[in-house]
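Student: One predicted model, sequence on top.
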Amino acid sequence: MATQCGNQGQASESARLVREMIAADAIGPVREVQVWSPARFWSWPTWEGRPPETPPVPEGLDWDVWLGPAPYRPYHPAYHPWTWRNWRDFGTGLLGDLGLHKLSTVFKALNLGHPLSVEASATKLSKETFPLGEIVRFEFPARGPLPPVTLTWYDGGLKPPRPTELEPDDVMRDVIYIGEKGKIMGDRLIPDARMDRYERPAKTLARSPGHYEEWVSACRGGPPAGSSFPEHSGLLTEVCLLGNVAVQAQRKLLWDGPKMRITNDNAANKMLKREYRVGWSL
């Protein structure tokens, strides 16, 4: 089966340049990565819990089908369209929404697999909605000659410290690789003077014909697409959703990736799955 996740940036030239720079030892071994996302791009409810009103379902919307396996609740425009991302029953918050976009190149460039642990802090927690802001820290083991890596995610307006290498008027980009010999921010060495002197490495990675073209080619018997579920995006999804569990658990969780199990918190393990509404079980 040919699959392709919708993280279109994985097909970009920038994604390949970063991987080639790190493979060419541009910044030395990488032990830390910081990734951040701005405040949410969808509106936030102004009430506590669920909306109190129960307006009629719009004509043409099958509300039962839209809910799918989620527990039943009355229709409200706070859920659909668009702002379902806020709600735990329907969305995955900013980490689940944008993590697969921003972390794709990180995982490929550093050959990351399952994390060993994850811990998180966040603004006010709710059983209904995701926090306005959170910091999630993953620890990954060594991979052959590659050292262990700490990957920290920030969102909701929270950011990592501004790199000292930046000029005062430089814009801080959303992914920072911290190596033993320097830093890459986005797809550029910092400071800019260092990038200006840098001789870019040879193009050792095949370039993409385009995100959608990759999938069409895979459907026609070609190689797996760059973000196919088994080879790449399945693991990315696992890691992002594990971060959401850590936010709710509010303690450090130890993760056995091959067994898909948290080894030190039975209550958190129960958050890995949800009960499906009657008639929607797989």
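Tutor: That came through fine.
Student: Distance-wise, check the closest residue in space to residue 180 that isn't next to it in sequence relative to residue 200.
Tutor: Counting by C-beta to C-beta, 6 or more residues apart in numbering, residue 180 lies nearest to residue 28, which is 3.7 Å off, once chain neighbours are set aside. From N, CA and C alone the C-beta is placed, and that goes for glycine too. Using C-beta to C-beta, to the nearest Å, residue 28 is found at 17 Å from residue 200.
Student: Equivalent analysis for residue 40, please.
Tutor: According to C-beta to C-beta, residue 40 stands 35 Å off from residue 200.
Student: neighbour-wise, which of the two wins?
Tutor: Taking other C-beta atoms under 10 Å, residue 40 and residue 200 do not tie; residue 40 has more neighbours (20 against 11).
Student: helix, strand or coil for the residue nearest to residue 180?
Tutor: Of the three states, residue 28 takes coil according to DSSP: H, G, I helix; E, B strand; the rest coil.
Student: Run a quick neighbour tally on it.
Tutor: Using other C-beta under 10 Å, residue 28 has 13 neighbouring residues.
Student: looking at it, it is touching residue 179, isn't it?
Tutor: Yes. Contact status for residue 28 versus residue 179: in contact at 4.3 Å, counting by C-beta atoms under 8 Å.
Student: For the stretch 151-282 of the chain, which segments are assigned as helices?
Tutor: Ranges of helices within the stretch 151-282 of the chain are 192-197, 211-219, 234-249, 266-269, based on DSSP state H, counting those that start in this stretch.
Student: How about the secondary structure of the residue nearest the centre of the chain?
Tutor: With the centre of the chain defined as its mean C-alpha position, the nearest residue by C-alpha atoms, centre = their mean is residue 99, 1.5 Å away. For residue 99, the assignment made with three-state DSSP gives helix.
Student: which non-adjacent residue is nearest it?
Tutor: If the residues on either side of it in the chain are set aside, residue 99 comes closest to residue 240, at 3.8 Å by C-beta to C-beta, 6+ apart.
Student: Residue 257 versus that neighbour, what's the distance?
Tutor: For residue 240, the distance to residue 257 (C-beta to C-beta) stands at 14 Å.
Student: Pick out whichever of these two has more residues nearby.
Tutor: Neighbours of residue 240 and residue 257, each counted by other C-beta under 10 Å, are more numerous for residue 240; the result is 23 against 14.
Student: Name all residues that make contact with the more buried one.
Tutor: By C-beta atoms under 8 Å, 6 or more residues apart in numbering, the contact set of residue 240 is 92, 95-96, 99-100, 103.
Student: and the gap between residue 88 and residue 158?
Tutor: Distance of residue 88 to residue 158, given as C-beta to C-beta: 20 Å.
Student: again, but for residue 23
Tutor: In this view, residue 23 and residue 158 are 31 Å apart by C-beta to C-beta.
Student: if I look at residue 236, how far off is residue 10?
Tutor: Here residue 236 is placed at a distance of 10 Å from residue 10 (C-beta to C-beta).
Student: buried set for stretch 184-204?
Tutor: 184-191, 195 (16 or more other C-beta atoms under 10 Å).
Student: Cool, thanks, signing off.
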